[in-house]
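Enquirer: Just the structure for this:
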Amino acid sequence: MPFKHLLIFCTLIWLGVSCKSEKEAPGPSTPGIPSSFGFNSLEVNGAYSGFKYNDVNLKPKIRFTFSAPLNNATIANGIVFRSAAGEAVAFSSTLEKSDSAVVITPSADLDYLTSYSVTASKALKSKAGGMLLSEAKVELVTTLDSADKFPVISDEALLTLVQRQTFKYFWDFAHPVSGLARERNTSGDVVTSGGSGFGIMTIPIAIERKFITHAQGLERMQKIVGFLKNAQTFHGAFPHWLNGATGVAVPFSEKDNGADLVETSFLVQGLLMVRQYFNANTAAETALRADINAIWEAVEWDWFRKSNENVLYWHWSPNFGWDMNHQIRGWNECLITYALAASSPKHAIDKTVYDNGWAGNGTFANGKDYYGITLPLGEPLGGPLFFSHYSFLGLNPTGLTDRFANYFTQNKAHTLVNYNYCKANPQQHYGYSDQCWGLTASDIPNGYNANSPSNDRGVITPTAALSAFPYTPAESMKALKFFYYKLGDKLWGEYGFHDAFSLDQLWFADSYLAIDQGPIVVMIENHRTGLPWKLFMSSPEVKTGLKKLGFSSPAL
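Expert: Next comes the predicted model:
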């Protein structure tokens, strides 16, 4: 035997480990001292595939095989069966293979979708009194309960239920002073400008769906717009975060304490949609429209070119100026920023800024195939799915084209790449499937991540698949039914679906985020009736701006 192989073999013998195909070599013995023994092999339900098993039935059989016959009296203490919470699991044991193998079976059914460990510890002894050289531990994750958690209702009723429950985040949980959306369910007085824009867009939907009355929706919008008129802005642009009681900017980071042009565009998108909805010739609705126009016209989009460069900049700080130096370039969630900048009645940009800044004169093109799908624009594998949501809450991508892309084709392709990636599951994350899919920015265990096929942490975010309803209705409905019926006991709550989950890590967020909740309500409605698209695209300034940038659309 070559020296290298001999060295490895001897090391394994010293550790008390052997492969199934190797014959156990006897350990050295000293007169009067029992020989130690080693762990040889493992099987769970008759098969071996490592030391972690997912989708395990509730009464598994775990078989440890050792290099020496076991002392049966030491099994009760030598085998440790526990849940991830540390609770002991009662089990029965059976010796096999001349007592050198022990089969462990839980006395009662394990719980669904729960993590357990079974350890052969050093308290296990051989019949000769020998000590186990090293522990052997196997981790088990039990299967998902396939029973429906809620009564089955029609698909249309389910869509309405999801919209109604998710809308409550913006209605019941709105900041009491400003009426704006809190950043997340633990944010206190911190409200979000972009997330509030998404929440504002849910109000006409809620009126039409009869979740609230027209009068209630108008009253809430009067409160919101009245607050925004007096909130702190920077060259007309809003900060990312505001104090919902005072209207003063709350720093998003040290240098991000001033204008955020992208978040402002999400807010203005919502305001323009609502302006088009409240179109009655009454004093209240006329005043609301005038106030929205004043906010909209005050945004100095062209000033954010920074010395008249042919690109827009994301941030400006009263303390740090342009230090963040973040140019807004595609492809990502920011098409709406350029669309509104071109549409501004008083501070518009011209087409050159769009072509050179946003589009990089076509350098954001992709054109490659992923899972048999050609992706026109953007990064490899498409990036997080919010790229195809945020700008298109109001912008209708149906038939929307310019010289760079057909935007419905772009968004559908992006979504299908994400769906097929989850279905193929190249990283083998437990739970991913054609029913359990959707990667986008969200909370993750102990943090936050822009989840995507190229930045995959094993976390599924419901808004990803649900806000894709206009592009992939069949695939999104399949995901919705899985989230609600199969995971509803863990995922469904006071304001709809919690932000994210990982079956792979048995983690379910307890959070709700405005920027994730809003698109669910709006994009489901775009799928059902197209109301948000119809309202926003009816804005005369938007029509003018899109035409100026070279877009064509049935809505223009």
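
Enquirer: Please enumerate the strands of the stretch 1-150 of the chain.
Expert: 39-44, 52-56, 62-66, 79-83, 91-96, 101-106, 115-120, 136-142 (DSSP state E, counting those that start in this stretch).

Enquirer: Convert the longest one to CSV, retaining C-alpha atoms only.
Expert: Taking C-alpha atoms only, strand 136-142 is exported to CSV below (Å, rounded to 0.1, in the frame of the first residue of the first chain):
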residue,chain,number,x,y,z
ALA,A,136,-21.5,10.0,15.7
LYS,A,137,-24.4,12.4,15.2
VAL,A,138,-27.1,12.5,12.6
GLU,A,139,-29.5,15.4,12.0
LEU,A,140,-33.1,14.9,10.9
VAL,A,141,-35.7,17.3,9.5
THR,A,142,-39.1,15.8,9.4
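
Enquirer: Count the neighbours of the residue nearest to Tyr485 when sequence neighbours are not counted for me.
Expert: In this structure, Tyr485 finds its nearest non-sequential neighbour in Asp148, 4.4 Å apart by CB to CB, 6 or more residues apart in numbering. No exception for glycine: its C-beta is placed from N, CA and C like everyone else's. Applying other CB atoms under 10 Å, we find 12 residues neighbouring Asp148.

Enquirer: next one: phi and psi at Asp148?
Expert: phi -70, psi 140 (degrees, to the nearest 10).

Enquirer: Test my guess that it contacts Lys486.
Expert: Yes. Using CB atoms under 8 Å, Asp148 is in contact with Lys486, at 7.3 Å.

Enquirer: how about the residue lying closest to Ile295 once chain neighbours are set aside, what does it touch?
Expert: Of all residues not flanking Ile295 in the chain, Leu228 sits nearest, at 5.7 Å (CB to CB, 6+ apart). Taking CB atoms under 8 Å, 6 or more residues apart in numbering, we find Leu228 in contact with Ser178, Leu180, Phe238, Gly247, Leu267, Ile295.

Enquirer: what does Ala500 give?
Expert: Ser442, Asp443, Ile444, Val459, Ile460, Thr461, Pro462, Ala509, Ser511.

Enquirer: and the nearest residue to it once chain neighbours are set aside, bridged to which residues?
Expert: In space, and not counting its chain neighbours, Ala500 is closest to Ser442: 4.0 Å by CB to CB, 6+ apart. For Ser442, the beta-bridge partners are Asn449 (DSSP bridges).

Enquirer: Likewise for Ala365?
Expert: Applying DSSP bridges to Ala365 yields these beta-bridge partners: Leu377.

Enquirer: how close does it get to Thr463?
Expert: The gap separating Ala365 from Thr463 is 27 Å, by CB to CB, to the nearest Å.

Enquirer: ok, those two, which is more surrounded?
Expert: Thr463 (27 against 16).

Enquirer: and the gap between the more buried one and Ser442?
Expert: 7 Å.

Enquirer: Just give the number of residues close to Gly545.
Expert: 22.

Enquirer: residues touching the residue nearest to Ser539 when sequence neighbours are not counted, list them.
Expert: Leaving aside its sequence neighbours, Ser539 sits nearest to Leu272 (CB to CB, 6+ apart; 5.0 Å). Taking CB under 8 Å, 6+ apart, we find Leu272 in contact with Ile292, Trp296, Gly394, Phe536, Ser539, Glu541, Val542.

Enquirer: Leu272 should be in a strand, yeah?
Expert: No. Using DSSP: H, G, I helix; E, B strand; the rest coil, the secondary structure at Leu272 is helix, not a strand.
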